[in-house]
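Novice: Provided below are the primary sequence and the corresponding predicted coordinates.
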Amino acid sequence: MITLVRRAVAVCALGAALASCATSRPAQQPPRPAPSLSPAVPSSPPTLAPGPSGLTPVFRNGPRTAGRTVALTFDADMTADQGPRARSGERFDHPRLIAALRELGVPATVFMTGRWAEEYPDQARSIGRDPLFEVANHSYSHYAFTGDCYGLPTVSADLMRADVERAYAAFRRVGVPEAMPYFRFPGGCYDRRALRALAPAGVTAVQWDVVGGDAFATDAAAVARQVVDGVRPGSVVVLHCTRSAAPTTERAVRTIVPELRSRGYRFVKVSELIAAGHGRG
Ligand SMILES: [Zn+2]
C-alpha cells in the first residue's frame, strides 16, 4: 500500500503543471516478459523481447542477484503547452543536477520529452553526447497514454506512436546522436492498448521499482532517505530533472550517491541493467 501511495505522489510531479494530482490509481502492470537478446547488430542497445501477443515489453528492475547495481533515472518533463511558462521565466531544466552527476561520476539515464529538448537544445545535446549519460524517450508532449492519468491531457491511440517518434525526431534535430530505444510513459500510466500502439516503435517501456519522491519535495534529506531505504540490487529509481517541479533533487543526489556507494552499490545506466538480465552486463 505504501508503495502505491509513493507511486502516486511521485507521479504527480510528472504532471507538474496540472492541478488534479491527488486522485490517482497505480499504473497497470501486466506480467513481465522474460528478457532476451535483441536480434539486431552487436552494437545495438539491449532491449527486451516483445511481450505476449507482441506487445511492447515492460522493464521495471534489473536482476536482484547479479551484484549491487542501481540505475538512477531522471525524467526531463515538459508538457507541450508549457512554452508560455518557460518564456515567462519558469525553469523546467536543472543544470546543477546534471553538473552534480558529472562531478560525482554517476552514470544516469535521462528520460527526456521532445518538448524539453526543443526548449533546452544545448543541454539536450550536451547530455546526449556525454558518455556518462544516455537519453531515452519520455514522449514528445508529456500527454498521457491512458484515459485517466493524474489529469494529464491524453494522446489518442492512433497518435501514440507518432508522439514517440516526434520526440526522437526532436532529439536528432538538436544533436542527440543516439537516443536509446527506451520509453517511459508519462505518469507511468499504460494499458494493453498503449502497449499495442507502441509495439511497432520497437521500444522497451521502462518503469521503476523505487520512487524518489522528489515531486514538489521541499526536504532533500527526506527524498534521499526514501531512495536509500528503497534501493535493492537491480533497482531503477525515478527522479526528475526539472527545477520547477523537483527543486531538491540535486541536493538529494549529493546524499544518495555517497550513501549508496558506502553500501557497496555501483551506479549504472538502464541499458546495463537490461543487458544484465540476459547475461550481457
Ligand atoms: Zn514525466
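Specialist: Received, thanks.
Novice: Leu273 contacts Arg68, correct?
Specialist: No: with contact defined as CB atoms under 8 Å, Leu273 does not count as touching Arg68 (12.0 Å). Any C-beta I mention is one placed from the backbone N, CA and C, and that applies to glycine too.
Novice: These two: who's more crowded?
Specialist: Leu273 (25 against 15; other CB atoms under 10 Å).
Novice: List the contacts of Cys272.
Specialist: Careful, residue 272 is Glu and not Cys. 62, 69, 71, 107, 281 (CB atoms under 8 Å, 6 or more residues apart in numbering).
Novice: Would you double-check that it falls in a helix?
Specialist: Yes: using DSSP: H, G, I helix; E, B strand; the rest coil, the assignment for Glu272 is a helix.
Novice: do you know how far it is from Met78?
Specialist: Distance, Glu272 to Met78, using CB to CB, to the nearest Å: 27 Å.
Novice: again, but for Pro233
Specialist: Distance, Pro233 to Met78, using CB to CB: 33 Å.
Novice: Likewise for Ala108?
Specialist: 18 Å.
Novice: For these two, work out which one has more neighbours and name it.
Specialist: Using other CB under 10 Å, the more surrounded residue of Ala108 and Met78 is Met78, with 30 against 26.
Novice: show me the contacts for the nearest residue to Asp219 once chain neighbours are set aside.
Specialist: Nearest residue to Asp219, sequence neighbours excluded (CB to CB, 6 or more residues apart in numbering): Thr248, at 6.9 Å. Thr248 makes contacts with 214, 217-220, 223, as judged by CB under 8 Å, 6+ apart.
Novice: For ChimeraX, what selects the buried ones among the residues you listed?
Specialist: Selection of buried members from the contacts of Thr248 for ChimeraX, criterion 16 or more other CB atoms under 10 Å:
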select :214,217,220,223
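Novice: which ones among the contacts of Thr248 are found in helices?
Specialist: Per DSSP state H, helices hold the following members of those: 220, 223.
Novice: quick one: which of the contacts of Thr248 is nearest the ion?
Specialist: Checking the contacts of Thr248 against the ion with CB to the ion, the nearest one is Asp214 at 11.9 Å.
Novice: how much space between the closest one and Phe74?
Specialist: In terms of CB to CB, Asp214 sits 9 Å off from Phe74.
Novice: list residues touching both of these two?
Specialist: Shared contacts of Asp214 and Phe74, counting by CB under 8 Å, 6+ apart, come down to 239-240, 249.
Novice: how about these in TSV, adding pLDDT and secondary structure?
Specialist: Below are the shared contacts of Asp214 and Phe74 laid out as TSV (pLDDT from 0 to 100; DSSP: H, G, I helix; E, B strand; the rest coil):
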residue	pLDDT	secondary structure
Leu239	98	strand
His240	98	strand
Thr249	98	helix
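Novice: Of those residues, which is the nearest to His94?
Specialist: Taking CB to CB as the measure, Thr249 is the one of the shared contacts of Asp214 and Phe74 closest to His94, at 6.6 Å.
Novice: Identify the residue nearest that closest one in space, chain neighbours excluded?
Specialist: Distances taken as CB to CB, 6+ apart place Asp214 nearest to Thr249, at 4.6 Å, with adjacent residues excluded.
Novice: Thank you, goodbye.
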